[in-house]
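Asks: Fold the following and give me the result.
(2 chains)
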Amino acid sequence: MSTREITVTVNGRKRTVHVEVRRTLADFLREDLGLTATHLGCEHGVCGACTVVVDGQTERSCTQLAVQADGREITTVEGLAAADGTLHPVQQALRDNHSFQCGFCTPGFVMSIYGMCEEKKAGRPVPCSREEIREELSGNICRCTGYQSIVDGAEAALAGADGGDS
Amino acid sequence: MKPPVFEYVSPATLDDAIAALSAPDAGDVKVLAGGQSFVPLLSLRLAQPSLVVDINRIDELASITEEAGVLTIGSLVRQRQAEHSDVVKKACPLMAEALPFIGHTAIRNRGTIGGSIAHADPAAELPTVAACLDAELVARGPGGERTIPAAEFFTGFFTTALAEDEILTAVRVRSAGPGTGAAYEEVARRHGDFAMVGVGAQVRLDGDVVAEARIALSGVDIAPVRASRAEAALAGRTVDDSILEEAAQAAVADLSPSSDLHGSAAYRKHVAGVLIRKTVATAAARARENR
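Replies: This is a model prediction of the structure:
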């Protein structure tokens, strides 16, 4: 069994661990670190449930190996809320808009919308209209809501992401 | 849905990567770039290599340069990085138009230009762009570097002219000059899904007359297809509805797509014709604005 020692920073905490080279980043987060909020739906990059932020950008954690995360900084949905439990504005916006039913896909949606908000703050072009938000979120699959309430939540989160001129 | 056991190396230089690929005991070795197709293939165990050579640490493969009218994009440049590059937008507008059709943001943040081309999915965007522009694919192996024209690179379904011990290092295209416009369109079930049919078109105008038209299609054969007869039909003509129809018909007559659960052959041919008319018209309009 081929293993490597890697050092990764996950949700602000630096860890050095041994991983099997065939371990995906998603399985590493869930099985080795116990961060089970990152969900696995399809395990081949289609459903978006495993979306995390790596070095400031959204990426699928099921389509990369844990060993490739050596030296990188990862944020999972567990890393968004404040230490006292106050929800991140994206989480609050989704909660306010009832943007979930069973919740399985929610971590992926939260991270994708968080990524969009961060891009907006960085001054990059991001989706504005509901149609564009739907396009952007088409990489995340939800089987319950019909997406209406998720788009509502994303719209609210994006509106609040720059101090609010939109 | 878990990758099989394999050995793994992540060299920091191209020379070390090629040495790993060409080692006599390398066995069934595969190159890992962005991994957006390859890691799923591992998880599905459609790929079961003995050794994975991860090229993500080879910084020399990750630059975009334009020199003397030639745009060179390193194979490890992320799709999202190219999408936001002003150099790419100006020198290779067709690629800039095609990139947003690839997967989703989280996929393009990781997926690479070279990885998509070397994977050679006949429904994918970047192989179609490479074929359309007669790109040069630069490959390095133990014997040195060679340049492969796109027309000879895509040899079939997920198959390229790359040897087992070669790495695609860069894509080269001639920079688009003034009077050039490009458009990319595709029809897929959802945004980000693989296209049933995709079309890339680039038009260079001389006055109102087409000096050069380039058209390539994805999803209609085992590799990207150039619509040579449509290109010839457009050359020297002024773009209007009747010439667009003539070009589309010429292109579609040469196609023999297969039917599958996503769409019948007849439907694919119909869509190909519609998209050729649409992309050529848009490319010509953009060429007019870009004089």
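Asks: hey, let's count contacts and neighbours off CA atoms from now on
Replies: OK.
Asks: In the chain, which helix is the longest?
Replies: Since no chain was named, I'll use chain A. When chain A is parsed with DSSP state H, its longest helix is helix A:106-121.
Asks: Correction: the question concerned chain B.
Replies: If you go by DSSP H, chain B has its longest helix at helix B:265-289.
Asks: Would you indicate which residues of that one are buried?
Replies: B:265, B:268-269, B:271-288 (16 or more other CA atoms under 10 Å in any protein chain shown).
Asks: That one - contacts with which helices or strands?
Replies: strand B:180-187, strand B:197-206, strand B:209-218, helix B:241-253 (3 or more CA pairs under 8 Å, 6 or more residues apart in numbering or on different chains; DSSP states H and E).
Asks: Dump the ones you listed into JSON lines; add mean neighbour count, mean pLDDT and distance to chain A as well.
Replies: Shown next, in JSON lines, are the helices and strands packed on helix B:265-289 (neighbours: other CA atoms under 10 Å in any protein chain shown; pLDDT from 0 to 100; distance: least, CA to the nearest CA, whole Å):
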{"stretch": "strand B:180-187", "mean neighbour count": "26", "mean pLDDT": "97", "distance to chain A": "14"}
{"stretch": "strand B:197-206", "mean neighbour count": "28", "mean pLDDT": "97", "distance to chain A": "18"}
{"stretch": "strand B:209-218", "mean neighbour count": "24", "mean pLDDT": "98", "distance to chain A": "21"}
{"stretch": "helix B:241-253", "mean neighbour count": "19", "mean pLDDT": "97", "distance to chain A": "29"}
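Asks: do you know how far the residue nearest the centre of chain A is from B:Ile222?
Replies: The residue lying closest to the centre of chain A (CA atoms, centre = their mean) is A:Met111, at 2.5 Å. According to CA to CA, to the nearest Å, A:Met111 stands 36 Å off from B:Ile222.
Asks: Check B:Pro3 too.
Replies: Distance from B:Pro3 to B:Ile222, by CA to CA: 27 Å.
Asks: what about the strands in the stretch 1-150 of chain B?
Replies: In the stretch 1-150 of chain B, the strands defined using DSSP state E, counting those that start in this stretch lie at B:7-9, B:29-32, B:51-54, B:64-67, B:70-74, B:136-141, B:144-149.
Asks: As TSV, the ones you listed with mean neighbour count would be great.
Replies: Shown next, in TSV, are the strands of the stretch 1-150 of chain B (neighbours: other CA atoms under 10 Å in any protein chain shown):
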stretch	mean neighbour count
strand B:7-9	18
strand B:29-32	22
strand B:51-54	20
strand B:64-67	14
strand B:70-74	22
strand B:136-141	22
strand B:144-149	15
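Asks: Please convert the helices and strands packed on helix B:265-289 to TSV, extending it with distance to A:Leu65.
Replies: Shown next, in TSV, are the helices and strands packed on helix B:265-289 (distance: least, CA to CA, whole Å):
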stretch	distance to A:Leu65
strand B:180-187	31
strand B:197-206	31
strand B:209-218	30
helix B:241-253	42
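Asks: Which one of those lies nearest to A:Gly103?
Replies: Closest approach to A:Gly103 among those is made by strand B:180-187 (30.9 Å; CA to CA).
Asks: So which residues on chain A come close to chain B?
Replies: A:1-2, A:21-24, A:43-45, A:51, A:57-60, A:62-65, A:112, A:135-136, A:138-139 (CA under 8 Å from any CA of the partner chain).
Asks: Next step: those restricted to helices.
Replies: Those of these lying in helices (DSSP H): A:112, A:135-136.
Asks: Count the neighbours of residue 84 for me.
Replies: Let's take chain A. Neighbours of A:Asp84 under the rule other CA atoms under 10 Å in any protein chain shown: 6.
Asks: wrong chain, I was asking about chain B
Replies: Residues near B:His84, counting by other CA under 10 Å: 14.
Asks: can you list the domain ranges for chain B.
Replies: B:7-54, B:59-174, B:183-289 (automatic domain parsing).
Asks: what's the answer for chain A, then?
Replies: Split into domains by automatic domain parsing, chain A comes to A:3-78, A:89-159.
Asks: Out of those, the one nearest B:Ala161 is which?
Replies: domain A:3-78 (25.9 Å).
Asks: start to end distance for that closest one?
Replies: So domain A:3-78: terminal residues 27 Å apart, CA to CA.
Asks: ok, then the element right after the least confident helix or strand in chain A by mean pLDDT?
Replies: None of the helices or strands of chain A scores lower by mean pLDDT, DSSP states H and E than helix A:130-136, at a mean of 93. Downstream of helix A:130-136, the first helix or strand assigned by DSSP states H and E is helix A:148-159.
Asks: now the angle between helix A:106-121 and that following helix, please.
Replies: If you take axes from the mean of the first three to the mean of the last three CA atoms, to 10 degrees, helix A:148-159 sits at 30 degrees to helix A:106-121.
Asks: Mind listing residues that contact helix A:148-159?
Replies: A:89-90, A:93-100, A:113, A:116-117, A:120, A:128, A:130, A:133-134, A:165-166 (CA atoms under 8 Å, 6 or more residues apart in numbering or on different chains).
Asks: And it, what's buried?
Replies: A:149-159.
Asks: now that helix: mean pLDDT?
Replies: For helix A:148-159, the mean pLDDT works out to 96.
Asks: How about the contacts made by residue 58?
Replies: Reading this off chain A. If you count contacts by CA under 8 Å, 6+ apart, then A:Thr58 has A:51-52, A:111-112, A:115, B:105-106, B:109 around it.
Asks: try chain B instead
Replies: Counting by CA under 8 Å, 6+ apart, B:Ile58 has contacts B:11-14.
Asks: Now which of the residues you listed would you call buried?
Replies: Of the contacts of B:Ile58, these count as buried by 16+ other CA under 10 Å: B:11, B:13-14.
Asks: just to revisit the earlier point, columns pLDDT and distance to B:Thr72 on top of the contacts of B:Ile58, output as a markdown table?
Replies: Shown next, in a markdown table, are those (pLDDT from 0 to 100; distance: CA to CA, whole Å):
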| residue | pLDDT | distance to B:Thr72 |
| --- | --- | --- |
| B:Pro11 | 98 | 23 |
| B:Ala12 | 97 | 21 |
| B:Thr13 | 97 | 19 |
| B:Leu14 | 97 | 17 |
